[in-house]
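Chemist: Sharing a sequence plus its predicted fold:
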Amino acid sequence: MTNISVVGLGPVGLCSAVAFATQGHRVIGFDIDTSRRDQVSRGEPPFYEKGIREALRKVLRAKRFSVVDTMDAAIEPAAVVFLCVGTPSREDGSMDDSGLRAATKSIAAAWRDGKRRTVVVKSTVLPGTTDNVVRPILEASGRPFRLGVNPEFLREGRALEDALRPDRVVLGADGPETARVLKSLYRSAKCPVLATDLKTAEAVKYATNSFLATKVAFADELANLCDALGVSYDEVHKGLGLDSRINPRFLVPGVGFGGSCFPKDVRALVSAGRRHGVEPRLLEAVLAQNEVQYLRAIAFLEEELGDLNGKRIAILGLAFKGDTDDIRETRAFPIARSLLSKGALVVGYDPLAGPAFSKVVPEVKVVDSVKEALAGADGTILQGDWPAFSRLTAKDFMTTMATPVVVDGRRILDPKKMRGVRFHRIG
């Protein structure tokens, strides 16, 4: 058993903390947000993630996880400290490391004894950040420390599952002793474990997200071409998947990618490349393609309905994908704003994300059910891949909508079951 402190109780920090506690470690959590600390200590996660509420309450009851109100209380008992703070985009696309700097300074200030601790960066940071940002702050404190990087590969909607049963673990270490400490935390992991230096571990995270974003953008572009050429994307996708060099996963086209990772991380890598004299043309194209892909859904509506002025359009799915309440960079934002600019009356529904979406785009009428969203609608766009949406039938659309025009922006409906509906999907 290891005494672990987790600084930052967002989705990555809390899911990681609960997973470590479930595996028998003693974990202390801290966050600068007082309301978030209070929520977590009561067993109420401040975000939706499948299974996290029950798992959190279990480790709280077992006293394997606790939340403290000061950084001092978080650091004093810890042998390993995980930094799980956000690294959002600045306006120019570069990575904002101010939260990481502030958290590291707080850790250094709370480090009042001479105990050697292992500080692990789990935040997504550009190669060199741990050495160039975290290390100097800790060195200035004069305290003995080891430094590690442990990038997360948690899928929103499956984050706890991924934290409990990872499919790979990447550990960056500043030396053999740090590597030993980090490997001991993942003794029970039944997956490949890659031990590297700090920079390489940081780079693996960016390489992974950038490649996945590129696959999505490629699928979107290919599907658009298939539409133009009168070719079935489904059949082309099957053919692609027969090539042993190509993994067919993440080649599902739609209205583009969003969320807390792909857009932010690709922008940060593009910005970093430019600062170092490299023009990342492929990644620039990925971002540019993603910024216009949602227009395909609008075009399908206009093809069927003509001028959208005064038309009632429903958007199903307001979070960036199903099984989450995260609205960061959701494609529902540009879709809604484009429809509004064309004079459409926009109605939206999401099982979880409605209230948060309303604060950003208050002109959209957010309702409480699929039926209410579809009622009297001239057209609808499925933007989220919630399982409940995939169960919608032609009858649901035909008996509820004024005009059954449906654009499947996530390819979750079977076209063969949409008889009687004016149905479109990407590709």
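Modeler: Received, thanks. Numbering: from 1, shown residues only.
Chemist: Correct me if wrong: V7 contacts F82.
Modeler: Yes - at 6.7 Å, V7 counts as touching F82 under the criterion of CB atoms under 8 Å. The way it works is simple: take the backbone N, C-alpha and C, and place the C-beta from them, glycine included.
Chemist: Tell me the residues that contact both of the two, please.
Modeler: G13 (CB atoms under 8 Å, 6 or more residues apart in numbering).
Chemist: Show me what the nearest residue to A373 once chain neighbours are set aside bridges to in the sheet.
Modeler: Nearest non-adjacent residue to A373, counting by CB to CB, 6 or more residues apart in numbering: Y349, 3.9 Å away. Beta-bridge pairing for Y349 (DSSP bridges): L316.
Chemist: Would you map the strands across this structure?
Modeler: Listed from the start of the chain, the chain has strands (DSSP state E) covering 3-7, 26-30, 65-67, 80-83, 117-121, 145-149, 169-173, 193-196, 312-316, 345-349, 365-366, 379-382, 405-408, 422-425.
Chemist: who's in contact with the residue nearest to A373?
Modeler: A314, I315, L316, G317, L318, V366, V367, D368, S369, V370, E372, A373.
Chemist: May I see these arranged in CSV, with neighbour count, distance to K115 and pLDDT as well?
Modeler: As requested, the contacts of Y349 are arranged in CSV below (neighbours: other CB atoms under 10 Å; distance: CB to CB, whole Å; pLDDT from 0 to 100):
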residue, neighbour count, distance to K115, pLDDT
A314, 27, 58, 98
I315, 29, 53, 98
L316, 27, 53, 98
G317, 27, 49, 98
L318, 30, 47, 98
V366, 21, 51, 98
V367, 17, 55, 98
D368, 10, 53, 97
S369, 10, 55, 97
V370, 21, 55, 98
E372, 15, 58, 98
A373, 24, 56, 98
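Chemist: Just the closest of the residues you listed to L164, please.
Modeler: G317 (26.9 Å; CB to CB).
Chemist: what residues are up against that closest one?
Modeler: Taking CB under 8 Å, 6+ apart, one finds A332, Y349, D350, L382, Q383, G384, D385, W386, F389, R410 in contact with G317.
Chemist: beta partners for the fourth one?
Modeler: Listed by DSSP bridges, the beta-bridge partners for L382 are L316, D408.
Chemist: what about it, how many residues close to it?
Modeler: Residues lying near L382 (other CB atoms under 10 Å) number 25.
Chemist: That one and F397, how far apart?
Modeler: Separation of L382 from F397 (CB to CB, to the nearest Å): 11 Å.
Chemist: for the second one, same thing?
Modeler: In this view, Y349 and F397 are 14 Å apart by CB to CB.
Chemist: swap in the first one?
Modeler: Distance check for A332 against F397: by CB to CB, it reads 19 Å.
Chemist: neighbour-wise, which of these two wins?
Modeler: A332 (30 against 23).
Chemist: In terms of pLDDT, where does N247 sit?
Modeler: Note on N247: pLDDT of 87.
Chemist: Can you check which helix is longest in the chain?
Modeler: Across the chain, the longest stretch assigned as helix under DSSP state H is helix 198-229.
Chemist: Kindly calculate the angle that that one makes with strand 145-149.
Modeler: 10 degrees (axes from the mean of the first three to the mean of the last three CA atoms, to 10 degrees).
Chemist: before we move on, back to that, now, which of the contacts of G317 sits nearest K183?
Modeler: D385 (36.2 Å).
Chemist: Now I412: closest residue in space, sequence neighbours ignored.
Modeler: Of all residues not flanking I412 in the chain, S390 sits nearest, at 4.1 Å (CB to CB, 6+ apart).
Chemist: my read: that neighbour touches L413, true?
Modeler: Yes - when contacts are counted by CB under 8 Å, S390 is listed as touching L413 (6.6 Å).
Chemist: pLDDT weak spots in the chain?
Modeler: Across the chain, nothing is flagged by pLDDT under 70.
Chemist: Which residue of it lies farthest from its centroid?
Modeler: Here the centre of the chain is the reference, and by CA atoms, centre = their mean the most remote residue is G114, at 37.8 Å.
Chemist: Would you enumerate the residues in contact with it?
Modeler: Counted by CB under 8 Å, 6+ apart, G114 has contacts R143, P144.
Chemist: Repeat that for A375.
Modeler: A375 is in contact with T400, M401, counting by CB under 8 Å, 6+ apart.
Chemist: go on, E284?
Modeler: V270.
Chemist: Can you tell me the closest non-neighbouring residue to E329?
Modeler: Nearest non-adjacent residue to E329, counting by CB to CB, 6+ apart: G258, 3.9 Å away.
Chemist: Please report the distance of the one you found from T118.
Modeler: Taking CB to CB, one finds G258 at 34 Å from T118.
Chemist: picking that back up, right, so the strands of the chain: which one is the most enclosed?
Modeler: For those, the largest average neighbour count (mean count of other CB atoms under 10 Å) is found in strand 379-382, namely a mean of 28.
Chemist: List of residues touching that one?
Modeler: 255, 297, 301, 304-305, 311-317, 335, 373-374, 389, 397, 401, 403, 405-410, 412-413.
Chemist: Next: stretch 175-183.
Modeler: Identification of contacts with stretch 175-183 by CB under 8 Å, 6+ apart yields A79, V80, T118, V120, R146, L147, G148, N150, L171, A173, V193, A195.
Chemist: Does the fourth one touch F82 like I think?
Modeler: Going back to what we said before, that points to V120. Yes - the pair V120 / F82 is scored as a contact, 5.0 Å apart, by CB under 8 Å.
Chemist: Give me the common contacts of these two.
Modeler: What both V120 and F82 touch, as defined by CB under 8 Å, 6+ apart, is the set N150.
Chemist: any idea how far F357 is from R135?
Modeler: 40 Å.
Chemist: So for those two, which residue has more residues nearby?
Modeler: Here R135 and F357 are compared on neighbour count by other CB under 10 Å; more neighbours surround F357, at 24 against 17.
Chemist: How about the contacts made by the more buried one?
Modeler: Taking CB under 8 Å, 6+ apart, one finds L318, A319, I327, T330, A332, G348, D350, V364, V366 in contact with F357.
Chemist: so what does the longest helix of the chain touch, helix or strand wise?
Modeler: strand 145-149, strand 169-173, helix 233-241, helix 262-275, helix 281-293 (3 or more CB pairs under 8 Å, 6 or more residues apart in numbering; DSSP states H and E).
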